[in-house]
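**Q** this one's sequence-less:
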């Protein structure tokens, strides 16, 4: 009997665990990774670890370093700015197409997501990240566009990582309390208004996140230390040794 299905399962498990640790910033941006260290830490064999790392390079949150293993992609001012420039072009189109296909039942679902967001404690980073992820997942399914779905899923890991950092900041707290984009999408039956709601919401996140990245706390990496105590099952594990968060060649305004 072949053990191939079990092997594929191990690859998937390893990928999900490692991706989650990176997205939750338990393994910090700029951290060096080696297969040997990950095998010891995650308790998977060499093949699942290697395949998981390969998938994470395709997700663009891990880079391959010749002769030195792998490195979690750093979050620089330029990389975050580039992400939002692209996402602000794609997300409004997803919202516009979703609104064209939206039923009253779908609007009720968005309304419930908005109400759930309002009930969350402002310190519940994981809760806000989950609502945000469910919100965009739902819109992408409604948009019913394979190319847009492909782009969205390629953005997914980086989006999770950026939003997780943004939500606990003063700018992030103000944004989640406002919740206007969810309300407008719930009430609007005009695709252009839906697109404008998302465009406006992302403009605020974009500016707020770039403001966060100019702080000395973020540049020193101490800002991310608070994520070591998240409520997930592996959050108490010690992060792998990290290099400076910004890395070399970051493009940040003086």
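**A** Cool, the structure landed. Please read all numbers here as calculations on a predicted model, not as lab measurements.

**Q** contacts and neighbour counts: CA atoms only from here.
**A** Will do.

**Q** so where's the stretch 151-254 of the chain shaky on pLDDT?
**A** 179-182, 216-254 (pLDDT under 70).

**Q** where do the helices of the stretch 101-250 of the chain begin and end?
**A** 104-119, 125-143, 146-166, 170-178, 180-187, 191-213, 216-220 (DSSP state H, counting those that start in this stretch).

**Q** and the residue nearest the centre of this structure?
**A** Nearest residue to the geometric centre of the chain (C-alpha atoms, centre = their mean): residue 160, 1.1 Å.

**Q** how close does the residue nearest to that one when sequence neighbours are not counted get to residue 126?
**A** Of all residues not flanking residue 160 in the chain, residue 23 sits nearest, at 6.1 Å (C-alpha to C-alpha, 6 or more residues apart in numbering). Going from residue 23 to residue 126 by C-alpha to C-alpha, to the nearest Å gives 11 Å.

**Q** these two: who's more crowded?
**A** Set residue 23 next to residue 126 and count neighbours by other C-alpha atoms under 10 Å: residue 23 wins out with 23 against 17.

**Q** ok, back up a step: out of the helices of the stretch 101-250 of the chain, which gets nearest to residue 19?
**A** Each of the helices of the stretch 101-250 of the chain has some distance to residue 19 by C-alpha to C-alpha; the shortest is helix 146-166, at 7.7 Å.

**Q** from the chain's centre, how far out does the closest one sit?
**A** 6 Å (C-alpha atoms, centre = their mean, to the nearest Å).

**Q** going by neighbour count, which residues in that helix are buried?
**A** Buried residues in helix 146-166, counted by 16 or more other C-alpha atoms under 10 Å: 148-149, 152, 155-166.

**Q** pull the contacting residues for residue 193.
**A** Residue 193 makes contact with 96, 184, 185, according to C-alpha atoms under 8 Å, 6 or more residues apart in numbering.

**Q** of all those, which comes closest to residue 130?
**A** Nearest member of the contacts of residue 193 to residue 130, counting by C-alpha to C-alpha, is residue 185, at 18.2 Å.

**Q** what's the distance between that closest one and residue 146?
**A** Distance from residue 185 to residue 146, by C-alpha to C-alpha: 22 Å.
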